[in-house]
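In: From the sequence below, what's the structure:
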Amino acid sequence: MCVYGTHRVILLSNKEGIMDWIEITQTEQLEQIKKGTDNHVAVIFKHSTRCSISNMAKMRLEREPQPAGTSFYLLDLLKYRALSNQIADDFKVHHESPQILIIRNGDCVFEESHNGINMAEIAEQVALN
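Out: Numbering: from 1, shown residues only. Predicted structure coming up:
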């Protein structure tokens, strides 16, 4: 784990290198994500550390390379339930866990949950949008 400013970044090895999870811990980060997606794509992974399906989805993501130009954010929704609810409100999605949201130009352009979460689909959606 590394610390950049006030945000922790969790680095995990995968077959292509490093999975750069940026932890979401503060409301201000959501505004930064919205503003920062004008020139690149953000993927938010809402993760329940007590859920086996969520753990499995996270491990599947960590085994594959991240699409170029994409930042991956990790929200521990058990620790940060209020942030999870705010994400659902801000991006106009129904809360699920586990859940991924692809954010471009400040809007959620794709979301998926549970066993539908996989890096191939994320890469395909990133390329489309």
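In: now the strands: where do they sit in this structure?
Out: In the chain, the strands defined using DSSP state E lie at 2-4, 7-14, 17-23, 41-47, 70-76, 99-104, 107-113.
In: Quote the end-to-end distance of stretch 74-81.
Out: Between the start and the finish of stretch 74-81 there is a gap of 13 Å, counting by Cα to Cα, to the nearest Å.
In: Sorry, wrong one. I was asking about stretch 99-113.
Out: Using Cα to Cα, one end of stretch 99-113 lies 4 Å from the other.
In: Identify the residues contacting it?
Out: 33-35, 37-38, 41-46, 87, 91-93, 96-98, 117, 121-122, 125-126, 129 (Cβ atoms under 8 Å, 6 or more residues apart in numbering). All C-beta atoms are positioned from the backbone trio N, CA, C, and that covers glycine.
In: Inside helices: which ones of these?
Out: 33-35, 87, 121-122, 125-126 (DSSP state H).
In: Can you convert those residues into JSON lines and add a column each for pLDDT and distance to residue 57?
Out: Below are those laid out as JSON lines (pLDDT from 0 to 100; distance: Cβ to Cβ, whole Å):
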{"residue": "33", "pLDDT": "95", "distance to residue 57": "20"}
{"residue": "34", "pLDDT": "93", "distance to residue 57": "24"}
{"residue": "35", "pLDDT": "92", "distance to residue 57": "27"}
{"residue": "87", "pLDDT": "97", "distance to residue 57": "17"}
{"residue": "121", "pLDDT": "96", "distance to residue 57": "11"}
{"residue": "122", "pLDDT": "96", "distance to residue 57": "11"}
{"residue": "125", "pLDDT": "94", "distance to residue 57": "15"}
{"residue": "126", "pLDDT": "93", "distance to residue 57": "17"}
